[in-house]
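Undergrad: give me the fold of what follows.
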Amino acid sequence: MLLSMLSVAMMLPALVDAAVYDADWEVFTMSAGFTLFVGITLILTTRTNANLLNVRQAFILTALSWVVLSGFGALPLMFSDLQLSYTDAYFEAMSALSTTGSTVIVGLDNAPPGILLWRSILQWLGGIGVVVMAVSVLPILQVGGMQIFRMEFAERIEKALPRAAQIGAWISIIYVTLTAACALLYVWAGMSGFDAVNHAMTTVATGGHSTHDASLGVFDDPWIEIIATAFMILGSLPFLLYFQAVRGDWRPLVSDNQVRGFFVILGAATLLVMINVMQQHDLSMWLALRHAVFNVTSIMTGTGYATTDYSAWGTFANPLFFVVMFIGGCAGSTTCGIKIFRVQVLFETTLVQLKRLLRPHGVFIAYYNRKPIPESVSESVMAFFFLFGVIFAILATVLGVLGLDFITATSSAATALANVGPGLGPIVGPSGNFASLPDAAKWVMAVGMLLGRLEIFTVLVLLTPTFWKN
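TA: Numbers count the residues shown, from 1 in each chain. Predicted structure coming up:
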């Protein structure tokens, strides 16, 4: 069914290319036909009376959805006038669907409009897919501490909407509404309709694909940057809280631990970068604030837009960007990374351990959102941190073995696993792209994007022999 839906989405860029007499409309039409044929064939040959997935099937479906959809989403990119290899096309499609935002395409300003729209559509679909997965699948699978939201979900939402399908529908309505509002504001700020639609889709999805090589920096407009910053933040907050707000309860948007933690970290990082840029580059406070707010928000939310080459901001800004790149936004949003709630759970668990060292016979309990943190959640979060660090080290080492220098290898591994987009340095930084990397490095990064997007455990569990035993 997902493949069939993807084939329908392919017809939108086909219509756009046909309207401007670009020959790529035939590529999109043929790719859509082939994808639809495979999708319908799979539907007809796998019909069953069973309507419910067990946990094992849910793991397989979640992982294979991103792998297979990226494979078919790469077809128009490979056969278009861009003449990308399948490696480059798959890298671009995985980057889009995982909302990473890394790109291998050079010359976006002159690329066919259908290709530009297709990249944005893939990111937009990936964004809504991630939100639905985070709300309905990961808590059930107890991935990386996400089971803590089963309690929140049961208390806040299930009484109002007992059916998961209804919840998904409401989330989709909110997602579409945010995208439409963002597009209208972009048009108001001076963007063309085509640029506004594309950037609205990739802003709300916190994906970062742009229609220009210079990203949003090509517009050099403070209003566009303010709008983008606002909607990057909106895309980084839990979508279930928006549902509550629609129903008239705005309090969780203010009182939720994740939301508060997100704004504290974002505000502190922005202030530090602003002060550093003012001192190092002799900029006015307004200009330093403008650059700091936009680029810190873009990196922390995993969007990856850029208005300037922040990799040239010096020895303080770059490590700070590297740290916030890993943190990410809130669970239940379109962002990736470690997630704010895991940082908070680990912090609270660490405080409890320190108190127990000082008072061994005392009873101390870690809390999240004013509720005790179950031991299973603490263990899952610590395991997630461990695996995140190990996989980052492995990815960086493998990329180094493939010939990348230290900065390029480590930042490429980080940007893939955290699903951010541009890395650091002259090659993969905001002023470069990933086209010059060897094919093997692109496949390694594609694996990293998949692991980061699916919260690591969802993929790694498929590699354990126990998973496949009856």
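
Undergrad: buried sites along stretch 356-367?
TA: Across stretch 356-367, burial judged by 16 or more other Cβ atoms under 10 Å covers A366. Where C-beta positions appear, they are placed from N, C-alpha and C, glycine not excepted.

Undergrad: whoops, stretch 3-17 was the one
TA: 3, 6-7, 9-11, 13-14, 16-17.

Undergrad: again with stretch 219-228
TA: Buried residues in stretch 219-228 (16+ other Cβ under 10 Å): 219, 221, 224-225, 227-228.

Undergrad: could I get those residues in JSON lines, plus columns for pLDDT and secondary structure?
TA: Shown next, in JSON lines, are those (pLDDT from 0 to 100; DSSP: H, G, I helix; E, B strand; the rest coil):
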{"residue": "F219", "pLDDT": "91", "secondary structure": "coil"}
{"residue": "D221", "pLDDT": "92", "secondary structure": "coil"}
{"residue": "I224", "pLDDT": "95", "secondary structure": "helix"}
{"residue": "E225", "pLDDT": "94", "secondary structure": "helix"}
{"residue": "I227", "pLDDT": "95", "secondary structure": "helix"}
{"residue": "A228", "pLDDT": "95", "secondary structure": "helix"}
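
Undergrad: most residues in a single helix of this structure, which one?
TA: Counting residues, the longest helix found in the chain (DSSP state H) is helix 375-401.

Undergrad: looking at the very next helix or strand once past that helix now, give me its mean pLDDT.
TA: Once helix 375-401 ends, the next helix or strand along the chain (criterion: DSSP states H and E) is helix 406-417. Average pLDDT, helix 406-417: 92.

Undergrad: what do you get for stretch 13-21?
TA: On average, the pLDDT along stretch 13-21 is 92.

Undergrad: same question for stretch 329-343.
TA: 87.

Undergrad: tell me which element A93 is part of?
TA: helix 86-97.

Undergrad: what angle do the helix or strand just after that helix and helix 86-97 make?
TA: Per DSSP H and E, the first helix or strand lying C-terminal to helix 86-97 is helix 113-136. Put simply, helix 113-136 runs at 50 degrees to helix 86-97, going by axes from the mean of the first three to the mean of the last three Cα atoms, to 10 degrees.

Undergrad: hang on, the earlier thing: closest to L283 out of the buried residues of stretch 219-228?
TA: Within those, proximity to L283 (Cβ to Cβ) peaks at E225, which comes in at 15.1 Å.

Undergrad: from I233, how far out is the nearest residue to the closest one once chain neighbours are set aside?
TA: Once flanking residues are discounted, E225 sits nearest to F294: 4.7 Å by Cβ to Cβ, 6 or more residues apart in numbering. Separation of F294 from I233 (Cβ to Cβ, to the nearest Å) stands at 11 Å.

Undergrad: cool, and N54?
TA: 37 Å.

Undergrad: between those two, who's got more neighbours?
TA: With neighbours defined as other Cβ atoms under 10 Å, N54 and I233 compare such that I233 has more, 19 against 8.

Undergrad: find the nearest non-adjacent residue to the more buried one, please.
TA: T297 (6.4 Å).

Undergrad: quick one: residues contacting the one you found.
TA: Listed by Cβ atoms under 8 Å, 6 or more residues apart in numbering, the contact set of T297 reads 229, 232-233, 266, 270, 303.
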